[in-house]
Structure formats: structure tokens, C-alpha cells
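Novice: Let me see the structure of the following:
(one chain, ligands or ions: 1)
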Amino acid sequence: MKEFETNHPNTWCPGCPNSVILQAFKGVLANLVKDGISHHDLVAVTDIGCAGKFYDLLEVNGFYALHGRSLITAFGMKMANPKLKVVGFIGDGGAYAEGLNHLVQLARLNPDLTALVFNNRVFALTVGQGTPVTEEGYRGNTTPEGMIDPPYNPLAVALSAGAPFIARTSALDISASQKMIKQAIQHRGFSILEILQPCITFRPDDLVELRQNHKPVSAKKNNREEARQIIESWNYDQKGAIPVGVFYQANRPVWEERHKARTWHRSQRKVDMKKIKQELL
Ligand code: SF4
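Specialist: Numbering: from 1, shown residues only. Modelled structure (predicted):
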């Protein structure tokens, strides 16, 4: 795992469960390299937010995109070089608010890439505003009297749009998370893994709630109806059991195969890196 470490300081709050997922993710990368995937071909794309800091701490090729834009940037990378293993990191604010259309279109188009959605039901880096999956009544600094509008269920939307791999894990369970991250990356097609990652600074009670209420479920592969029932059994607001596990996994032709005959996205261009560097400097 050492080869994936950087010298960048870890700026997450001490005790943030993101650190657990970082370790789990590095373990998965080490396994992938052991399985024969080149370190050079592993790519991480992040946006802005607490989840955006993953790229600070991962020694892989990658890119910091704008807020809510990591998944569509990841798709651009796959278009240019389909052999890459690309993982997009994004928070619930980015994925389920600004980036929702990207999530829906990627579920529909099905490129072979992975979305890790860090869901803590809050915009954490900007100090605690509600997101589209925050429950009614949540008091943040922009909703001092409580959130008025209800959340929606983005995994149900992703299922409807055609996402062939949908799973959820708890950041408090490192071994289950590691297993599911690997499954998601190895799935050929667009895989969404929602990682419930309590923000211990702005929503400390979520830590206890998740520890008590996460409920591992095992769904049959490729059963949409069962997947829908599991996904809709928790709509991000009510108390009670929160299902975790792989909810749906199906084989669908991937975007790269459907567009095989077209070559524009694979054309080799001569890039003068020296010139680009000079212009940037
Ligand atoms: Fe983690 Fe919340 Fe701190 Fe962000 S603000 S680093 S999500 S504990």
C-alpha cells in the first residue's frame, strides 16, 4: 500500500471516517496491481469538498475537477483512453445536486467506470448546509429553523436510468467497504457505490445512528424489483434500518463497446507538453 501514499498533509478532521475509506481504497489498489493492472493506468478524479481531498492523499494519476463535475470528467478520461481504470470521488452535494444529470446520463450510457459517492447528508467543507438528501428538520447554518423540503432517493433514480451496479456501504466497516470498492471497480460498466460517511463535525449523531442501524442485505443479482424494494426501504430521512450491500448487478453493453466503430475519441494527438507548460507558467 505504501506506493500509493503521498507526502501531502491529511487535512480531514481527526477521526473523520474518510481516513478509513482511504486505507480501504489503498488496499484495493494494491490488490489490483497484484492482479496485473498497471499502477500507471489507475486514475482518481475528485471534485471540491471533503471527498475531493482523496486525491491529495493518493499517489495515482488523476485530476481535481470543479464541484459536482468529477464523474463527467472521469467519463472524458475514459473516452480518451478506454483502457484506464477510472474512479470518480464525489460527495452527496456534488453527485446528487449539481452533478445529478451526470449521474443519470452515466447510468444511461454505461461507460466502464466507478463512482464512489461519499454521503454524509451535508455540505461539509462549506461548514454544514443541507444537501438534497438531508432530512426535513435538519438545522444547519442556512436552515436555522430546520430543512423544510424533503430529500429524494438518488439510488432509485440511478436504477431507473439503467445503472447496472448499485451498492451501499458504511465507512465504519472497513472490510465490507474494501470488498465492495473492489467489486465496484471490477464490475464492467458504470458502478455506483454510495459510502455512508458520517461527518463527525457537523452531524456527530449520525455516527451512532449508522453504527446501530446499518443492516447488511444480500440481494439476488440482476433482480430490479428486489433492488428497488431494498433501495426504497430507506429514503434518507426516516429512522430505522439502513440497508447496505450490493443491491443490483447486471450485465449491459458498455459505452466503449457500443462506440467501438467510432475512432474520434481514440485518435492519437501529438501534444507538445513543453509548449503547454510554458504557456501555463
Ligand atoms: Fe470529515 Fe466532516 Fe471533517 Fe469533512 S467536515 S473532514 S466530512 S468530519
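
Novice: Contact residues of this protein facing the ligand?
Specialist: Taking C-beta under 6 Å from any ligand atom as the measure of proximity, the chain contacts the ligand at Trp12, Cys13, Cys16, Asn18, Cys50, Asn120, Ala124, Cys199, Ile200, Thr201, Phe202. C-beta: built from backbone N, CA, C; applies to glycine.

Novice: Please convert the buried members of those residues into ChimeraX selection syntax.
Specialist: With 16 or more other C-beta atoms under 10 Å as the criterion, this ChimeraX line picks the buried residues out of the residues of the chain next to the ligand:
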select :12,16,18,50,120,124,199,200,201,202
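
Novice: Quick check: of the residues of the chain next to the ligand, which lies closest to Ala171?
Specialist: Within the residues of the chain next to the ligand, proximity to Ala171 (C-beta to C-beta) peaks at Asn18, which comes in at 7.2 Å.

Novice: that older thread, can you list the residues of the chain next to the ligand in CSV and add pLDDT and secondary structure?
Specialist: Supplementary listing: the residues of the chain next to the ligand in CSV, determined by pLDDT from 0 to 100; DSSP: H, G, I helix; E, B strand; the rest coil:
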residue, pLDDT, secondary structure
Trp12, 98, coil
Cys13, 97, coil
Cys16, 97, coil
Asn18, 98, helix
Cys50, 97, coil
Asn120, 97, coil
Ala124, 96, coil
Cys199, 98, coil
Ile200, 97, coil
Thr201, 97, coil
Phe202, 96, coil
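
Novice: which residues touch Val43?
Specialist: Contacts here follow C-beta atoms under 8 Å, 6 or more residues apart in numbering; on that basis Val43 touches Val60, Asn61, Gly62, Phe63, Ala74, Met77, Leu84, Lys85, Val86, Val87.

Novice: Then Glu135?
Specialist: The neighbourhood of Glu135, defined by C-beta under 8 Å, 6+ apart, consists of Arg121, Met147, Pro150, Pro151, Tyr236, Asp237, Gln238.
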